[in-house]
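Asker: okay, predicted coordinates and the sequence, questions at the end:
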Protein chains: 4
Amino acid sequence: MAANKMTVEELQERLSAALFHQWLGLRVTEVTADGIQIRVPWRDEFVVNPDAGYAHGGILAALIDTASDYALAAKIGGPVPTVDLRVDYHRAALAGELRFEARVIKLGRTFSTAEASVFDEQGRLLASGRGVFHMPAS
Amino acid sequence: MAANKMTVEELQERLSAALFHQWLGLRVTEVTADGIQIRVPWRDEFVVNPDAGYAHGGILAALIDTASDYALAAKIGGPVPTVDLRVDYHRAALAGELRFEARVIKLGRTFSTAEASVFDEQGRLLASGRGVFHMPAS
Amino acid sequence: MAANKMTVEELQERLSAALFHQWLGLRVTEVTADGIQIRVPWRDEFVVNPDAGYAHGGILAALIDTASDYALAAKIGGPVPTVDLRVDYHRAALAGELRFEARVIKLGRTFSTAEASVFDEQGRLLASGRGVFHMPAS
Amino acid sequence: MAANKMTVEELQERLSAALFHQWLGLRVTEVTADGIQIRVPWRDEFVVNPDAGYAHGGILAALIDTASDYALAAKIGGPVPTVDLRVDYHRAALAGELRFEARVIKLGRTFSTAEASVFDEQGRLLASGRGVFHMPAS
């Protein structure tokens, strides 16, 4: 895979420019040749089911989209538009920090594919998914 | 398609029980034999790109998930867990009310499929997608 | 939606140029402003489960990909590469003619989205799905 | 991940019971704790574009469905119905043996998720994808 063009700090700065990312509280914690890691503190507004207390699937979808896009950003220098997104839900996400691991599957000329998985504090897989992204004209 | 088991008011009450739905500002505006309509007022926190001012794809994904789930809820009496979600992005969503149209594609015994499309105030298609949902044991 | 650029006969001729389409036995039976219809006679080689006698999901996936692509071909003058494909399975496909209805959801500049549904001889929905397609440079 | 319940020979025997699998020429070549490997010799009927000579995306979709399902079969004792399938196309598949690597992402009670990637003889990634599968009642 190509070398990275953005550091943890640069990715974080770019991420934090978006109001929705600020609301989500995304924190880039690692960038390696293989991918990136993002951590997200729990927020009560994530909850969809007030009795069971688990997070809305849409929150996980938004974070999987963002983590995948920023795995790609690390390689190409900035985030790009999502063409489509697919998310698989594996286990209910209960209160606690969420950890996202994301990586590029295919770096293409017109389209690229990247994926992300989200884990709870015990390391259990909660959800995973992929996006196809539209590469900038070069 | 089966008759509805929930009215606009019942769907709205159930929706509003979730903090994330309150934050999103979802308003059920129509329930017919064919599906449901949900309207969502713009929020500045939806924005991902502060220069261009368009909404984060994750917001649209969350709303497509929710609208699809509640199209199913109207038929079966309540929302059910999402197994997987897929979203296609067609056009940037700029500031303005969002209108979601959702319907059930297949009502099954163990799992069901539903879809939603989102339009801007000019009626242009912004995104569309589908979810597979896990039916409650009967 | 844009006017059609290909007739039933032109779509059929283009389809039949592919050996795999010949093997599948695809027959274009209708082209309207709204989409296309394709009929596929049953083949014993479609079967995945020799006891239950239903078709392999991959056959339905291949046909949904093709039908979606040709719904787009009707609008733009020829088939284009699939970027990604998603298929939902609703009911086992037993021996009998398969009927595909396909239409374009969004005609874009760089990529387009189209969908197809497949029905059995009794008109029951067997599977449905979508593809994103890469538009030719203009 | 759980121990395997089927050997290469058992998986091959079960695979070969399907006429479509015989036609595709699937050959199980490896089963480990992490997943399975399947090899598929080229067939001229795979071709969709007679000039460029590359395989139909539907062939790759069918093989990704099958490889994912059999990665799951290795763990649970037999193949199970596909609920939905998603395939990303990364590079045109030209004449030559295809190698599929498949693994289970999540082994669930009602639903499981598995994925597969396909490589050409030079080890280049051609396509990859995922299926959700419906687990048998236990």
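Answerer: Received, thanks.

Asker: and the lowest-mean-pLDDT helix or strand in chain A with chain B, contact?
Answerer: Sorting the helices and strands of chain A by mean pLDDT, DSSP states H and E puts helix A:19-24 at the bottom, at a mean of 94. Yes. Counting by Cβ under 8 Å from any Cβ of the partner chain, chain B is contacted by helix A:19-24 at A:19, A:20, A:21, A:23. Quick note: C-beta positions are derived from backbone N, CA and C, even for glycine.

Asker: again, but for stretch A:46-64
Answerer: Yes. For stretch A:46-64, a contact with chain B is found by Cβ under 8 Å from any Cβ, at A:46-50, A:55-59, A:61-63.

Asker: tell me the contacts of residue A:51?
Answerer: For residue A:51, the contact set (Cβ atoms under 8 Å, 6 or more residues apart in numbering or on different chains) is empty.

Asker: tell me the SS of it?
Answerer: Under DSSP: H, G, I helix; E, B strand; the rest coil, the three-state class of residue A:51 is coil.

Asker: if I look at it, how far off is chain C?
Answerer: The gap separating residue A:51 from chain C is 30 Å, by Cβ to the nearest Cβ, to the nearest Å.

Asker: quick one, grab the pLDDT at that residue.
Answerer: pLDDT for residue A:51: 89.

Asker: distance-wise, check it relative to chain D.
Answerer: Residue A:51 is 21 Å from chain D, by Cβ to the nearest Cβ.

Asker: in a markdown table: the residues of stretch A:46-64 next to chain B, plus secondary structure, distance to residue B:73 and neighbour count.
Answerer: Shown next, in a markdown table, are the residues of stretch A:46-64 next to chain B (DSSP: H, G, I helix; E, B strand; the rest coil; distance: Cβ to Cβ, whole Å; neighbours: other Cβ atoms under 10 Å in any protein chain shown):
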| residue | secondary structure | distance to residue B:73 | neighbour count |
| --- | --- | --- | --- |
| A:46 | helix | 20 | 25 |
| A:47 | strand | 18 | 23 |
| A:48 | coil | 12 | 27 |
| A:49 | coil | 13 | 14 |
| A:50 | coil | 16 | 11 |
| A:55 | strand | 19 | 26 |
| A:56 | coil | 15 | 24 |
| A:57 | helix | 14 | 26 |
| A:58 | helix | 15 | 26 |
| A:59 | helix | 19 | 25 |
| A:61 | helix | 19 | 30 |
| A:62 | helix | 21 | 25 |
| A:63 | helix | 24 | 27 |
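
Asker: which of the residues of helix A:19-24 next to chain B are buried?
Answerer: Neighbour counting by 16 or more other Cβ atoms under 10 Å in any protein chain shown classes A:19, A:20, A:21 among the residues of helix A:19-24 next to chain B as buried.

Asker: tell me the SS of the most centrally placed residue in chain A?
Answerer: By Cα atoms, centre = their mean, chain A has its centre lying nearest to residue A:67, at 1.7 Å. Following three-state DSSP, the label given to residue A:67 is helix.

Asker: that one against residue A:100, yeah?
Answerer: Yes. Residue A:67 is within contact range of residue A:100, at 4.1 Å (criterion: Cβ atoms under 8 Å).

Asker: which residues are common contacts for these two?
Answerer: In contact with both residue A:67 and residue A:100: A:38, A:116, A:118, using Cβ under 8 Å, 6+ apart.

Asker: and those residues, which of them are buried?
Answerer: Counted by 16+ other Cβ under 10 Å, those give A:38, A:116, A:118 as buried.

Asker: what would the residues you listed look like in a markdown table with pLDDT, secondary structure and distance to chain D?
Answerer: Formatted as a markdown table, those follow (pLDDT from 0 to 100; DSSP: H, G, I helix; E, B strand; the rest coil; distance: Cβ to the nearest Cβ, whole Å):
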| residue | pLDDT | secondary structure | distance to chain D |
| --- | --- | --- | --- |
| A:38 | 98 | strand | 20 |
| A:116 | 98 | strand | 13 |
| A:118 | 98 | strand | 12 |
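
Asker: can you confirm whether the helix or strand encompassing residue A:71 lies near chain D?
Answerer: According to DSSP states H and E, residue A:71 maps onto helix A:57-76. No. Looking at helix A:57-76 against chain D by Cβ under 8 Å from any Cβ, there are no contacts, and the closest approach is 12.1 Å.
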